[in-house]
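Trainee: Prediction below, plus the sequence it came from.
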Amino acid sequence: MYNSTKEKFLDLLYKRFQDKSAYCRAKVCKVFIKLTEANVVPRHHYFPLLKGVIGRLHDCTTNVRKNALKLFAQMVVIYGMIFNVDLKKGRKFLQKEEIKREREQASRELEALSSKFDKI
């Protein structure tokens, strides 16, 4: 019951990103800032949220853009924590090629471990 109510609430907030009132769009950004700070938004909602925030960065009112920029900064921090990147120390997210290399290396290690396990 709790999860379905939470999902309905988040869906309502996503719909409010497209609201006619600029005040409502700005308040939605503020609510999402508080929800992400409290770690209430599930991870599978981060990408749709990020898409909504990027859409609000092109809004016609300055108040909405300002709050969307704050939420965007919060999302960058969240993605940094998910991918274990310390942005304050100057670390950066991995490039696409580095991710592919690490994935290939992990798959080779997994194959080696599975072959050792089969021998046992």
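Mentor: Great, that's in hand.
Trainee: List the buried residues in the worst-scoring helix or strand of the chain on mean pLDDT.
Mentor: Ranked by mean pLDDT, DSSP states H and E, the weakest helix or strand in the chain is helix 96-119, scoring a mean of 80. Within helix 96-119, not a single residue qualifies as buried, counting by 16 or more other C-beta atoms under 10 Å. No exception for glycine: its C-beta is placed from N, CA and C like everyone else's.
Trainee: What of stretch 7-19?
Mentor: Buried, per 16+ other C-beta under 10 Å, within stretch 7-19: 10, 13-14, 16-17.
Trainee: could you give me the average pLDDT of that stretch?
Mentor: The average pLDDT for stretch 7-19 rounds to 89.
Trainee: now could you export just the CA positions of it as PDB?
Mentor: These are the backbone C-alpha positions of stretch 7-19, laid out as PDB (Å, rounded to 0.1, in the frame of the first residue of the first chain):
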ATOM      1  CA  GLU A   7       4.400   5.900  -6.700                       C
ATOM      2  CA  LYS A   8       1.100   7.700  -7.300                       C
ATOM      3  CA  PHE A   9       2.500  10.800  -5.400                       C
ATOM      4  CA  LEU A  10       5.700  10.800  -7.600                       C
ATOM      5  CA  ASP A  11       3.600  10.400 -10.700                       C
ATOM      6  CA  LEU A  12       1.500  13.400  -9.700                       C
ATOM      7  CA  LEU A  13       4.600  15.400  -9.100                       C
ATOM      8  CA  TYR A  14       5.900  14.400 -12.600                       C
ATOM      9  CA  LYS A  15       2.700  15.700 -14.100                       C
ATOM     10  CA  ARG A  16       3.100  18.900 -12.200                       C
ATOM     11  CA  PHE A  17       6.400  19.500 -14.000                       C
ATOM     12  CA  GLN A  18       4.200  20.300 -17.100                       C
ATOM     13  CA  ASP A  19       1.700  22.400 -15.200                       C
END
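Trainee: what residues does it touch?
Mentor: Outside stretch 7-19, the residues that touch it by C-beta atoms under 8 Å, 6 or more residues apart in numbering are 24-25, 28, 31-32, 41, 45, 48-49, 52, 55-56.
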